[in-house]
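Q: I would like to see how this sequence folds:
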Amino acid sequence: MDIKEILSQIRSIANNALGGGYSFGQPSKLGDLYVIPVARVTYGMGGGADESSPDTAKKEDEDSSSPAEEKGKKVKNKVGFSGGGGIGIHSVPVGLFSLKEDRIKFHPVISFWEIIAMMSLSALFVLKMKKLRFKK
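A: Numbers count the residues shown, from 1 in each chain. Now for the predicted structure:
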């Protein structure tokens, strides 16, 4: 089985099962072992625009920045257009696929915060068990 066929099978399985939110890096070859990094990718985009019409009139406030115009006089807005947009992409490592001969294995990446959470839950469990033991 060719490495490209294996990669395409992994990609199609992950895209179908996981919604296509995963990205695979370039495979690295270490002897007869292939290592493929996997990351979860999320993205978002947005934008907005506004256009003022020439019919819009506003009454100037007492603290107007233009001293040449009289206070309280209605002034027509100029026609203008403003807009903007942006795109954000966030990528988080998930793990590695290792391919050796006919075996494929996934090695998950555990973050620092997941380790802290597991240690905290373990400590709470131990304390709770000690309390239960002393009540008897």
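
Q: lowest average confidence, helix or strand, in the protein?
A: strand 57-59 (a mean of 49; mean pLDDT, DSSP states H and E).

Q: any stretches of the chain with poor pLDDT?
A: Applying pLDDT under 70 to the chain picks out residues 1, 3, 7, 10-11, 13-21, 43, 52-79, 136.

Q: which parts of the longest helix along the chain are buried?
A: If you go by DSSP state H, the chain has its longest helix at helix 112-135. By 16 or more other CB atoms under 10 Å, helix 112-135 has no buried positions at all. (C-beta placed from N, C-alpha, C; glycine too.)

Q: can you show me the CA trace of that helix as PDB?
A: Taking C-alpha atoms only, helix 112-135 is exported to PDB below (Å, rounded to 0.1, in the frame of the first residue of the first chain):
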ATOM      1  CA  PHE A 112      -0.500  21.500  30.100                       C
ATOM      2  CA  TRP A 113      -4.000  22.500  31.200                       C
ATOM      3  CA  GLU A 114      -5.400  19.000  30.700                       C
ATOM      4  CA  ILE A 115      -2.600  17.600  33.000                       C
ATOM      5  CA  ILE A 116      -3.400  20.200  35.700                       C
ATOM      6  CA  ALA A 117      -7.100  19.400  35.500                       C
ATOM      7  CA  MET A 118      -6.400  15.600  35.800                       C
ATOM      8  CA  MET A 119      -4.100  16.300  38.800                       C
ATOM      9  CA  SER A 120      -6.700  18.500  40.500                       C
ATOM     10  CA  LEU A 121      -9.500  15.900  40.000                       C
ATOM     11  CA  SER A 122      -7.200  13.200  41.400                       C
ATOM     12  CA  ALA A 123      -6.400  15.300  44.400                       C
ATOM     13  CA  LEU A 124     -10.000  16.000  45.100                       C
ATOM     14  CA  PHE A 125     -10.900  12.300  44.700                       C
ATOM     15  CA  VAL A 126      -8.100  11.300  47.200                       C
ATOM     16  CA  LEU A 127      -9.300  13.900  49.800                       C
ATOM     17  CA  LYS A 128     -12.900  12.800  49.400                       C
ATOM     18  CA  MET A 129     -11.900   9.100  49.900                       C
ATOM     19  CA  LYS A 130      -9.900  10.100  53.100                       C
ATOM     20  CA  LYS A 131     -12.900  11.900  54.500                       C
ATOM     21  CA  LEU A 132     -15.100   8.900  53.900                       C
ATOM     22  CA  ARG A 133     -12.600   6.500  55.500                       C
ATOM     23  CA  PHE A 134     -12.400   8.600  58.700                       C
ATOM     24  CA  LYS A 135     -16.200   8.800  59.000                       C
END
